[in-house]
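Enquirer: any chance you can model this:
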Amino acid sequence: MAKAMRFLAGAALCVAFAAPAMAQDATADTVIATVNGTNITLGNVIMAREALPEQYKALPPDVLFKGIVDQLVQQTVLAQSMGETLSKKDTLQLENDRRGYLSNTALQPVVAAAVSDEALQKAYDDRFKDAAPATEYNAAHILVADEAKANELKAQLDGGADFAELAKANSTDTGSGANGGDLGWFGLGAMVKPFEDAVVAAEVGKVSGPIKSDFGFHLILVKETRIAAKPTLDDMRDELAVEIEQKTVEAHIKALTDAAKIEKPGEGIDPALISDLTLLDK
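Expert: Numbers count the residues shown, from 1 in each chain. Model prediction:
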């Protein structure tokens, strides 16, 4: 921001500042300054502020107002210095910027209307109406690098050795090993597949394994199982909102493109040409 708003020393400007407008008389078209006859309006200043990061919006209004006006003045004189004729590259970039801005603007009311309380409730009901109760597992493991070591430890456990003590002394998973191999509660999808399959098949209270995964060989102790509580709508609100937005946007764009007359005469062009910047100079 400081760099963007710094004064351009030595710039030859013809800048006029309009007389202050009373708050009740001001509109988006109120002229704040003119640069060589080009108007900078209050609307320009407001939109420039909207584009700023939140930390800059917290600046005092007088500081922010002056900084933004200075920036817009500097941008205007720089734009004017390019003259009336833009390069092909500049023209194309402005076209893409305009297209991108308008496409995002077009989607905003569509998305806002889609994510309603009713839509969220329906998405929540659809997600869980046929969902089977999910099981969660409270398990511990001992992870070692080779199968021979795992079999040795399994024999000790079968002979009555304490699982937690062996985990502390031998597990290469230092995070859980320090806690006696404890992994806490987890549901399906949280662990790698071979480990998960072994947990599901395991008998509660009995050590199973060795089980091989990409991490090594596991000895697994499932301590308890329970039926997972179904998440509430509030728990799922953000995730469901994203899904609704995505589906709505896809459907809206499809409807527009299906109704549009779209021709693609350049489909047969060499795709490698997209990297040829020299075409912009021709």
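Enquirer: make it CA atoms for all contacts and neighbour counts henceforth
Expert: Fine.
Enquirer: helices along the protein, start to end?
Expert: For the chain, the helices defined by DSSP state H occupy 42-50, 54-57, 61-80, 88-114, 117-128, 147-158, 163-170, 174-177, 193-201, 233-259.
Enquirer: pLDDT score for residue 7?
Expert: With respect to pLDDT, residue 7 has a value of 35.
Enquirer: same check, this time on residue 148
Expert: pLDDT, residue 148: 95.
Enquirer: the one 5 residues further on too?
Expert: Residue 153 is assigned a pLDDT of 96 by the prediction.
Enquirer: show me what contacts it?
Expert: Residues near residue 153 by C-alpha atoms under 8 Å, 6 or more residues apart in numbering: residue 166.
Enquirer: re the thing from before, as JSON lines, the helices of the chain with distance to residue 219 would be great.
Expert: Listed next are those as JSON lines, based on distance: least, C-alpha to C-alpha, whole Å:
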{"stretch": "helix 42-50", "distance to residue 219": "57"}
{"stretch": "helix 54-57", "distance to residue 219": "51"}
{"stretch": "helix 61-80", "distance to residue 219": "62"}
{"stretch": "helix 88-114", "distance to residue 219": "49"}
{"stretch": "helix 117-128", "distance to residue 219": "34"}
{"stretch": "helix 147-158", "distance to residue 219": "7"}
{"stretch": "helix 163-170", "distance to residue 219": "9"}
{"stretch": "helix 174-177", "distance to residue 219": "12"}
{"stretch": "helix 193-201", "distance to residue 219": "10"}
{"stretch": "helix 233-259", "distance to residue 219": "34"}
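Enquirer: can you check which of the ones you listed gets nearest to residue 281?
Expert: With C-alpha to C-alpha as the criterion, residue 281 lies closest to helix 88-114 of the helices of the chain, at 7.1 Å.
Enquirer: report the angle between that closest one and helix 117-128.
Expert: With axes from the mean of the first three to the mean of the last three C-alpha atoms, to 10 degrees applied, the angle from helix 88-114 to helix 117-128 works out at 80 degrees.
Enquirer: so which elements touch helix 88-114?
Expert: helix 233-259 (3 or more C-alpha pairs under 8 Å, 6 or more residues apart in numbering; DSSP states H and E).
Enquirer: and the helix it packs on, average pLDDT?
Expert: Rounded mean pLDDT across helix 233-259 is 95.
Enquirer: could you list the buried residues of it?
Expert: Neighbour counts over helix 233-259 (16 or more other C-alpha atoms under 10 Å) mark 237, 240, 241, 244, 245, 248, 249 as buried.
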